[in-house]
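[1] Got a predicted structure here, sequence first:
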Amino acid sequence: MTDKTKTQTKPVGSPEEFAEAAECLKTLAHPARLRMVQLLLHGQYTVGEIAADCGIPDNVASEHLRLMQRCGFFNSERKGRMVYYQIAEPHLENIMHCIQSRFLPCANR
């Protein structure tokens, strides 16, 4: 009997190359920020609306939103006196689907 060895190719990427991804994933790793992603995947919201939904003060919501913008996850648009936030990174939908299916199984019904 002969041994057949599979030729495996390693995926590209080194730990150093994943540094930016790790930093952005750390930014996501907060309950209020995950909820913000979930909300914004369903539409545009103001800081006040986001803060009220998350049960946090407006200034705290603003800081979370700024951090998420720095990672390129969100952007904002001024409409008159109101500033609306929206998703800038389309891959967040896949990440949120993974999180919801693992931790919020009732959300997939």
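    All right, it came through fine.

[2] What score does Met1 have for pLDDT?
    In this model, Met1 is scored at 55, pLDDT.

[3] what does Glu16 give?
    pLDDT at Glu16 comes out at 93.

[4] now the helix or strand harbouring Met96: mean pLDDT?
    Applying DSSP states H and E as the criterion places Met96 in helix 92-103. Across helix 92-103, pLDDT averages out at 95.

[5] Render the CA-only coordinates of it in PDB, please.
    Extracted in PDB, the C-alpha atoms of helix 92-103 (Å, rounded to 0.1, in the frame of the first residue of the first chain):
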ATOM      1  CA  LEU A  92     -19.700  44.100   8.700                       C
ATOM      2  CA  GLU A  93     -22.900  42.300   7.500                       C
ATOM      3  CA  ASN A  94     -21.100  39.000   7.300                       C
ATOM      4  CA  ILE A  95     -19.400  39.500  10.700                       C
ATOM      5  CA  MET A  96     -22.700  40.400  12.300                       C
ATOM      6  CA  HIS A  97     -24.400  37.400  10.700                       C
ATOM      7  CA  CYS A  98     -21.800  35.200  12.200                       C
ATOM      8  CA  ILE A  99     -22.200  36.800  15.700                       C
ATOM      9  CA  GLN A 100     -26.000  36.700  15.500                       C
ATOM     10  CA  SER A 101     -26.100  33.100  14.400                       C
ATOM     11  CA  ARG A 102     -23.700  32.100  17.200                       C
ATOM     12  CA  PHE A 103     -24.900  34.300  20.100                       C
END
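
[6] Show me what counts as buried in it.
    Within helix 92-103, the residues scored as buried using 16 or more other CB atoms under 10 Å are Leu92, Met96. (Each C-beta comes from the backbone N, C-alpha and C, glycine too.)

[7] chain center to that helix: distance?
    9 Å (CA atoms, centre = their mean, to the nearest Å).
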